[in-house]
Each structure stands twice: as C-alpha cells, then as structure tokens.
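>>> Next come a sequence and a model predicted from it.
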Amino acid sequence: MLRIGFHLEGPQDDETLRILLARLLGIERSAIEPLVFSSRVDGYEGVVQFLGAALAEFEQEGVRAAVVGVDNDGTPMPGLDGTVVEDPRRPRHRPGHQPGLHVSCRYCRLAAAVERARTTFEEKGSDWPVVIAVPVEALESWLLWGADCVGRGRHPRPEDLPVGELKTKLYGRKHATQHDFRVVGRPIAEQMDLDGLRRDVPSFALFADAVEHHRDRLLAEPHSQP
Ligand SMILES: [Zn+2]
C-alpha cells in the first residue's frame, strides 16, 4: 500500500489528485492509502498556513510522499490582440522561477514553504517527495479539458477561463456538491486522456512531470527504502 499525504483545498481535490496520481503511476487507485491532515482546513490561506503542520504529521505517519496544492485562482483577461492575458496578481508558475524571488507565484510560495517545513522534521534525511499541484486557474480546468474526451462538449483552452466560469461550465453551478463530483468530475478524472491533458494544459504538465520525476521512489518496495 502506498501511503500518500494529501494537503489540498478540499475532499474533491484530494480524490481527483489521488485518481490522477494513480493513473500516472499506472497503479490502481485503491493501492494509494490517502492521509489528510487531522486538523483539515480548506482554502488557499489555510493550506499555506498549515502546510508545515500537515507535512510534520505526514512525516510522523511515515508517508511515502505527499501531494500539496491550491488553485491559482486568477482571472484571465482578453488581450488587445484577441489572446488571453494571465492575471498579473496571480502569475502562473514557469520553469526558471525561483521560489525565493517569485513570491507572488503560488507554486513558488508552496515550494518555499515545503523546504522550510523539511528543516523541522525530526528524522534527518526525511527527503520524501512532495509533489506540488497548482491548477490554473482551478482544478476544474483539468476536468473541463477532459470533458471533451468523454463526450461532454468541447471546451478549448480551459486555463483561459476564470474560476467561476470553469465551475459553471463543468457542473452547471458555481459550487459543486459531492453528488455533482461523483456524477461528473470523478468519471472524467478516471477516463480522460492524460497524454493529451499534459500536452494542452501546462499546469497539469507541471504536476505530471513532478510525478514522473519521483516515479521510482513512489513505486519502490518499502523494504528497499533507506
Ligand atoms: Zn513560480
């Protein structure tokens, strides 16, 4: 059993990323034993504020890895030339960003907080992987891209849609219930073409690349761990 800590903005995000992580690793979802922080807090500020406490708890629980993340929550705007311009208050993470420099980038902010948290772990050498997910502008953009794959309509460039519009297009309302997620979101996560998602949606590609980077350690047999 692969014990993975999930510190995200809510239960639907936990379940979606558990499904996607299992699919990227080529294992059954049931092979992942999810752990969530015992003092669960939802929302961006809660995730950031309690990141250190959550990782410390995961460390105590002996996880193999953790997945942490928040939505980017920006509002893209139409540009003068017809293209869409990202929200300057919510810059999207780019390769080459440095966590100490790009403080308004949520991905970099999480990366810096993860490194700070590691210094407090009791066991030296606790360098288990922490995979960061910052969907642009919300996790529903990944699912909305996938909605096309499962015959629910064509929605090109979902990263260019503001958060409210993403949720309305996917679920028909701004706040999805657990039922909405079970009926619409989860089947898409289970079936969509992840190679295509990786090609078309950069924020998913960052997540998938990180999973790929840590694949050997995630799938290593426990007895082979140091
Ligand atoms: Zn960044």
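Noted; the coordinates are in hand. Residues are numbered from 1 along each chain as shown.
>>> interface residues of the protein facing the ion?
Residues of the chain found near the ion (CB under 5 Å from the ion) are 93, 97, 102, 105, 107, 108. C-beta: built from backbone N, CA, C; applies to glycine.
>>> hang on, residue 118 packs against residue 112?
No. Taking CB atoms under 8 Å as the definition, residue 118 is not a contact partner of residue 112, at 11.0 Å.
>>> Just the terminal-to-terminal distance for stretch 28-48.
In stretch 28-48, first residue to last residue: 30 Å (CA to CA, to the nearest Å).
>>> Could you check how far that stretch is from the centre of its chain?
11 Å (CA atoms, centre = their mean, to the nearest Å).
>>> With stretch 56-69 instead?
Put simply, stretch 56-69 sits 15 Å off its chain's centre (CA atoms, centre = their mean).
>>> oh, and call the first residue 253 from now on, that's how I've got it
OK, 253 is where the count begins now, so the last one is stretch 308-321.
>>> can you list the residues that contact that stretch?
The contact list for stretch 308-321, computed with CB atoms under 8 Å, 6 or more residues apart in numbering, reads 254-261, 265, 269, 273, 287, 289-290, 299, 303, 306-307, 362, 366, 369, 372-375, 378, 380-387, 459, 466, 469-470, 474.
>>> Try it again at 7 Å.
Outside stretch 308-321, the residues within contact range by CB atoms under 7 Å, 6 or more residues apart in numbering are 254-260, 269, 273, 287, 289-290, 303, 307, 362, 366, 369, 372-373, 378, 380-386, 466, 470.
>>> Put the buried members of the residues of the chain next to the ion into a PyMOL selection.
Buried residues among the residues of the chain next to the ion (16 or more other CB atoms under 10 Å), as a PyMOL selection:
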select buried, resi 345+354+357+359+360
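>>> Among the residues of the chain next to the ion, which lie within helices?
359, 360 (DSSP state H).
>>> tell me which of the residues of the chain next to the ion is nearest to residue 451?
Distances from residue 451 to these, taken as CB to CB, are shortest for residue 345 (17.8 Å).
>>> That closest one touches residue 362, doesn't it?
No. Shown here, residue 345 and residue 362 do not form a contact pair, counting by CB atoms under 7 Å, at 9.5 Å.
>>> okay, and the common contacts of the two?
residue 386.
>>> Among the contacts of stretch 308-321, name the buried ones.
By neighbour count, with 16+ other CB under 10 Å, these hold 254-260, 269, 273, 287, 289, 303, 307, 362, 366, 369, 373, 380-386, 466, 470 as buried.
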